[in-house]
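Student: Quick check, what structure comes out for this input:
(one chain, ligands or ions: 1)
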Amino acid sequence: MSSQKVILVTIDGLRPDAFLTCGHPMVDYVRKNASYTVKGSSVLPPVTLPAHLSIFYSVPPQRHGTLTNTYTPPVRPIDGLFEHIRHAGKTTAIFYGWEQMRDVSRPGSMTYAEYVKSKVLENADTYLTDRALLCIREHEPDFVFLYLVDVDECGHRDGWMTESYFNRVRIALDNLKRVLDACGDQYTVIVSADHGGHERTHGENIPEDMTIPMFFFGEMFEPGKEPEGLSLLDIAPTVAKAMGIPADPDWEGKSVF
Ligand SMILES: [Zn+2]
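Tutor: Below is the predicted model:
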């Protein structure tokens with residue numbers, strides 16, 4: 001069983017068609033170096049906190065119970081990815097620009113955590129990436145979650161697929177490239193959006209909101225392979241397997257490898 005260190009990057013509100021047409025060198029880089037899909041599925045509703053809880057608990061929102069961006073404690077609690085990593089005696093870190101993201105784990109499951117309110121910074125994603133890279137250099141946590149928020153906030157402000165939205169997508173990909181350049185040898189790197197968007201919103205059961213890109217960089221993933229049928233629920237089992245930690249019996253997704 002492998003026991004890799006893993007970095008999970010979520011790019012909030014990144015549509016796969018925006019990724020494919022944004023003109024950033026990461027498009028070719030992903031095709032050559034990652035297993036990837038541009039046809040992954042979000043969850044219903046495709047909304048940030050429900051989707052991220054589905055990432056970390058590997059169950060749909062109907063099961064974890066948070067159906068809006070207000071956290072609702074589950075009726076039947078399950079252990080999520082952060083809890084299992086901590087139970088295994090490993091260290092975790094989270095860097096996030098949106099306060100509600102603290103609820104992706106139960107209190108006490110994070111070794112390192114840094115929150116900055118995104119709206120007070122011109123470029124929260126770049127700041128948070130800097131902070132994550134510094135923490136990785138100093139502490140080498142076993143699992144790092146870097147949450148990039150600027151693409152989604154731009155979508156809500158200016159509209160999805162607008163010029164400024166594409167600019168934010170390219171900045172997010174610059175930051176992703178910095179993570180891969182600095183840590184790609186030492187860490188398995190998994191990247192996903194949580195949902196897409198249309199006009200200035202998201203949350204509906206339509207392809208623009210539901211379809212997401214997912215990238216998997218690491219020795220266990222075949223470069224250029226495009227796995228079918230992936231959803232957000234598959235991320236926690238994939239991270240756990242890469243780290244040599246058993247998946248929780250309540251998790252509904254399955255490992256990508
Ligand atoms: Zn979101």
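
Student: I'd like to know which residues of the chain are adjacent to the ion.
Tutor: D12, T48, D152, D194 (Cβ under 5 Å from the ion). Where you see a C-beta, it was placed from the backbone N, CA and C, and this is true even at glycine.

Student: Between which two of those is the distance greatest?
Tutor: Taking Cβ to Cβ, the two most distant members of these are D152 and D194; they sit 8.1 Å apart.

Student: need the contact list for the closest residue in space to Q186 that isn't next to it in sequence.
Tutor: Here the nearest residue to Q186 in space, its sequence neighbours aside, is K5; by Cβ to Cβ, 6 or more residues apart in numbering that works out to 6.4 Å. Contacts for K5 were tallied using Cβ atoms under 8 Å, 6 or more residues apart in numbering; they are E140, P141, D142, F143, V144, Q186, Y187, T188, M243.

Student: can I assume the third one is in contact with T91?
Tutor: Just to be clear, that refers to D142. Yes: under the contact definition of Cβ atoms under 8 Å, D142 touches T91, with a separation of 5.1 Å.

Student: Give me the more crowded residue out of these two.
Tutor: A count of neighbours by other Cβ atoms under 10 Å puts D142 above the other of D142 and T91, at 21 against 16.

Student: ranges for the helices of the stretch 151-257 of the chain?
Tutor: Defined through DSSP state H, counting those that start in this stretch, the helices belonging to the stretch 151-257 of the chain, from first to last, are 163-183, 207-210, 235-243.

Student: so can I have CSV of those showing mean neighbour count?
Tutor: Rendered in CSV, the data for these read as follows (neighbours: other Cβ atoms under 10 Å):
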stretch, mean neighbour count
helix 163-183, 19
helix 207-210, 18
helix 235-243, 24
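
Student: okay, the ones you listed in TSV with mean pLDDT next?
Tutor: Below are the helices of the stretch 151-257 of the chain laid out as TSV (pLDDT from 0 to 100):
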stretch	mean pLDDT
helix 163-183	98
helix 207-210	98
helix 235-243	98
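
Student: Quick one: closest of the ones you listed to T111.
Tutor: Shortest distance between T111 and the helices of the stretch 151-257 of the chain, using Cβ to Cβ, is found for helix 235-243: 14.2 Å.
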